[in-house]
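>>> Return a 3D structure for these sequence lines:
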Amino acid sequence: MASGRYQVGVGSPLEITDAEVLLANAKANHIQALYNYKVAEARIEKAMGVNK
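Below you'll find the model as predicted:
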C-alpha cells in the first residue's frame with residue numbers, strides 16, 4: 001500500500017520505511033507467537049504425561 005502511494009507520488013519514502021518496519025515487527029511477533037504456542041503445547045503434554 002505504501003509503495004503504491006509512493007509510486008503515484010502521494011506517499012513519502014518515510015511511509016515506505018515505516019511500513020517495512022511494521023511488517024518486520026509483525027513477522028517477528030508471529031514467530032514469537034508460534035514459539036509460545038509450541039512451548040505451551042509441550043508443557044500441557046508434559047503435564048498430561050504424553051510422550052511424543
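
>>> pLDDT below threshold where in the protein?
Residue ranges of the chain with pLDDT under 70: 2-3, 5-6, 9, 52.

>>> Does the longest helix anywhere in the chain pack against any helices or strands, and if so which?
Longest helix in the chain by number of residues, with DSSP state H as the criterion: helix 13-48. Applying 3 or more Cβ pairs under 8 Å, 6 or more residues apart in numbering; DSSP states H and E, we find helix 13-48 packed against helix 2-7. Every C-beta, even on glycine, is put in place using the N, C-alpha and C of the backbone.

>>> Tell me, how many residues neighbour Ala19?
Counted by other Cβ atoms under 10 Å, the residues lying close to Ala19 total 16.

>>> unless I'm mixing things up, it is touching Met1, no?
Yes: between Ala19 and Met1 there is a contact at 7.1 Å, judged by Cβ atoms under 8 Å.

>>> chain center to the longest helix of the chain: distance?
On the basis of Cα atoms, centre = their mean, to the nearest Å, helix 13-48 sits 5 Å off its chain's mean C-alpha point.

>>> Now that helix: buried residues?
Ile16, Ala19 (16 or more other Cβ atoms under 10 Å).
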